[in-house]
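A.B. asks: what's the 3D shape of this:
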Amino acid sequence: MLSSYRRIRPFLDSCMLIIGVMWAASCGCQDSTSGHYHYWIRTCGGNGDDLVYAITALTDGSCVMTGQSGSYDRAGTFALKIDRFGVIAWDGSFGSLAWLGRGQGGAGYGVVEDNHGGVVIATSADATATLLNIDSLGRCGWEHKYGPDLYAATSIAKTKDDGYIFTGSRIYSYSWHPGLAEGAFLTKIDADGNVIWSRSYESPVISGRVGGIIQTPDSGFVFAVEPGKIIKTDPTGQIEWKSYSYDEISSKGHPISCTKDGGYVVALTANGRLAILRLDRDGKRIWQREYTGTRGISVISQNDGGYLALGQGRYGLYADKDDDVVLVRADSLGEVVWERCFGGSDYEVAFCLVDLHESGYLVAGNTRSYDYDSLQTQVLAVRVGLDGDTEEVNWKSGVKDEKSPQRAALRHMELDE
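C.D. replies: Residues are numbered from 1 along each chain as shown. Below is the predicted model:
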């Protein structure tokens with residue numbers, strides 16, 4: 001049962017404004033009243049671990065994140081909407097936290113904008129593949145469960161007919177760890193969540209966790225299967241081809257993106273490094289490049305034919321301790337244009353990357369570098385410009401702001417004046 005929506009709970013009350021940076025530039029998010037552009041780094045969290053697994057950009061310029069939270073009365077799947085200045089518009093918690101043994105809830109592993117400014121979240125609430133609809137104000141809409149027990153919805157995408165396509169993996173038990181799966185399904189639904197068709201794929205056809213679903217230009221679908229497989233289907237879910245890699249492909253985040261010529265680009269981990277794999281429209285390898293970083297997670301194609309990849313790595317003062325977030329911008333041949341790293345004294349991990357087009361990119365994930373009083377994991381959001389610009393931050397000495405997010409946002413605006 002979906003929990004009641006809680007607008008301003010301890011999760012919001014303990015939000016921390018780490019740094020707000022606004023300056024005029026040739027790229028970024030422009031404030032129409034001041035003519036300035038805004039790049040920033042934010043963290044927020046409550047009295048439990050707060051984890052982000054997926055993000056989507058909305059048409060109004062804001063973004064919605066989803067994942068798993070331990071900071072509510074009923075910990076579990078959560079959604080959080082953040083505007084272009086990094087101010088939280090709303091948040092909510094749905095279900096309970098299964099993997100800590102407190103019930104049979106789950107986490108949001110995929111999110112996409114609906115037809116009315118809200119979102120649809122793919123989750124595993126009550127150990128069943130579930131889709132949750134939340135409107136633009138953070139209010140609960142419809143909730144649908146699909147298939148038998150012990151399945152989890154792991155990714156979702158919007159389709160050309162204004163419906164949705166989502167993937168799911170069979171899970172071993174109610175204490176399921178997201179990396180353990182055998183067998184999967186692909187389900188097409190309409191805008192209201194009604195099933196149009198559904199296909200299941202048994203082991204050994206699929207024997208790992210699936211995710212990263214996208215619709216292809218020919219109205220088919222492509223998705224990732226851990227540890228190293230890409231599957232392409234026709235518009236009804238019939239498998240057309242499978243592409244294998246000896247390297248690791250993550251089913252979290254956005255590991256696959258379509259290219260301008262009808263092919264695909266894939267983020268992966270090769271030889272302990274972040275890598276990009278380029279495939280043609282039939283799934284055949286064109287080239288593969290390795291970059292800075294120790295792990296590849298997500299990738300998105302760019303209008304100029306290049307790519308932006310998200311991963312992890314170890315750099316700077318704390319390089320011998322924990323991972324940082326890594327961004328790599330490459331051209332159409334995979335050559336490096338720029339590389340950026342964000343990190344602090346503890347670990348940072350980001351699964352989510354969205355293209356905000358002319359105003360840059362938003363990276364979302366988790367950090368433990370800012371909570372000095374405990375070992376809680378917090379939500380991390382980094383908005384960067386088209387050239388990877390953001391303020392250079394001493395993460396360990398970041399400003400801890402105990403005020404409400406609204407007060408913090410006001411203080412942020414005063415800096416610009």
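A.B. asks: which residue is the nearest non-sequential neighbour of residue 286?
C.D. replies: residue 278 (4.3 Å; C-beta to C-beta, 6 or more residues apart in numbering). C-beta here means a position set from N, CA and C on the backbone, and glycine is covered the same way.
A.B. asks: burial measure for that neighbour, as a count.
C.D. replies: 20 (other C-beta atoms under 10 Å).
A.B. asks: got a list of what it touches?
C.D. replies: Residues in contact with residue 278, defined by C-beta atoms under 8 Å, 6 or more residues apart in numbering, are 259, 263, 264, 265, 266, 285, 286, 287, 288, 334.
A.B. asks: of the residues you listed, select the buried ones using a ChimeraX command.
C.D. replies: Entered in ChimeraX, the line below selects the buried ones among the contacts of residue 278, by 16 or more other C-beta atoms under 10 Å:
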select :259,263,264,265,266,288,334
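A.B. asks: could the contacts of residue 278 be laid out in CSV, adding secondary structure?
C.D. replies: CSV is the format used below for those (DSSP: H, G, I helix; E, B strand; the rest coil):
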residue, secondary structure
259, coil
263, coil
264, strand
265, strand
266, strand
285, strand
286, strand
287, strand
288, strand
334, coil
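A.B. asks: could you check how far the residue lying closest to residue 239 once chain neighbours are set aside is from residue 165?
C.D. replies: Once flanking residues are discounted, residue 239 sits nearest to residue 233: 5.5 Å by C-beta to C-beta, 6+ apart. Taking C-beta to C-beta, to the nearest Å as the measure, residue 233 falls 10 Å from residue 165.
A.B. asks: okay, those two: which has more neighbours?
C.D. replies: residue 165 (24 against 20).
A.B. asks: spit out the contact partners of the more buried one.
C.D. replies: 156, 157, 159, 186, 187, 188, 189, 213, 215, 221.
A.B. asks: for residue 65, what are its contacts?
C.D. replies: Applying C-beta under 8 Å, 6+ apart, the residues contacting residue 65 are 52, 54, 55, 79, 80, 82, 111, 352, 364, 379, 381.
A.B. asks: the fifth one contacts residue 88, correct?
C.D. replies: Just to be clear, that refers to residue 80. Yes: here residue 80 reaches residue 88: they are 6.3 Å apart, a contact under C-beta atoms under 8 Å.
A.B. asks: who's more crowded, the two?
C.D. replies: Counted by other C-beta under 10 Å, residue 80 and residue 88 do not tie: residue 80 has more neighbours, with 28 against 22.
A.B. asks: now the more buried one, what's its secondary structure?
C.D. replies: Applying three-state DSSP: residue 80 is strand.
A.B. asks: the nearest residue to it once chain neighbours are set aside in helix, strand or coil?
C.D. replies: Spatial nearest neighbour of residue 80, chain neighbours left out: residue 91 (4.3 Å); criterion: C-beta to C-beta, 6+ apart. Following three-state DSSP, the label given to residue 91 is strand.
A.B. asks: who does the residue nearest to residue 286 form a beta bridge with?
C.D. replies: Counting by DSSP bridges, residue 278 is bridged to residue 265, residue 287.
A.B. asks: kindly report the same for residue 195.
C.D. replies: residue 189.
A.B. asks: near it, how many other residues are there?
C.D. replies: Counted by other C-beta under 10 Å, the residues lying close to residue 195 total 12.
A.B. asks: go on, residue 78?
C.D. replies: Neighbour tally, residue 78, other C-beta under 10 Å: 29.
A.B. asks: so it sits right up against residue 92, yeah?
C.D. replies: Yes: counting by C-beta under 8 Å, residue 78 touches residue 92, with 6.5 Å between them.
A.B. asks: can you give me the pLDDT of the residue nearest to residue 80?
C.D. replies: We note a pLDDT of 85 for residue 91 in this prediction.
A.B. asks: OK, contacts around the residue nearest to residue 157 when sequence neighbours are not counted?
C.D. replies: Distance criterion C-beta to C-beta, 6+ apart; nearest residue to residue 157, sequence neighbours excluded, is residue 213 at 4.9 Å. If a contact means C-beta under 8 Å, 6+ apart, then residue 213 has 110, 155, 156, 157, 165, 166, 167, 186, 221, 222, 223 as its contacts.
A.B. asks: out of the residues you listed, who's the most crowded?
C.D. replies: Most surrounded of the contacts of residue 213: other C-beta under 10 Å gives residue 167, at 31 neighbours.
A.B. asks: so in terms of bridging, what pairs with that one?
C.D. replies: residue 155, residue 186.
A.B. asks: and the gap between it and residue 68?
C.D. replies: 18 Å.
A.B. asks: check residue 251 too.
C.D. replies: Taken as C-beta to C-beta, the span from residue 251 to residue 68 is 16 Å.
A.B. asks: swap in residue 241?
C.D. replies: For residue 241, the distance to residue 68 - C-beta to C-beta - is 34 Å.
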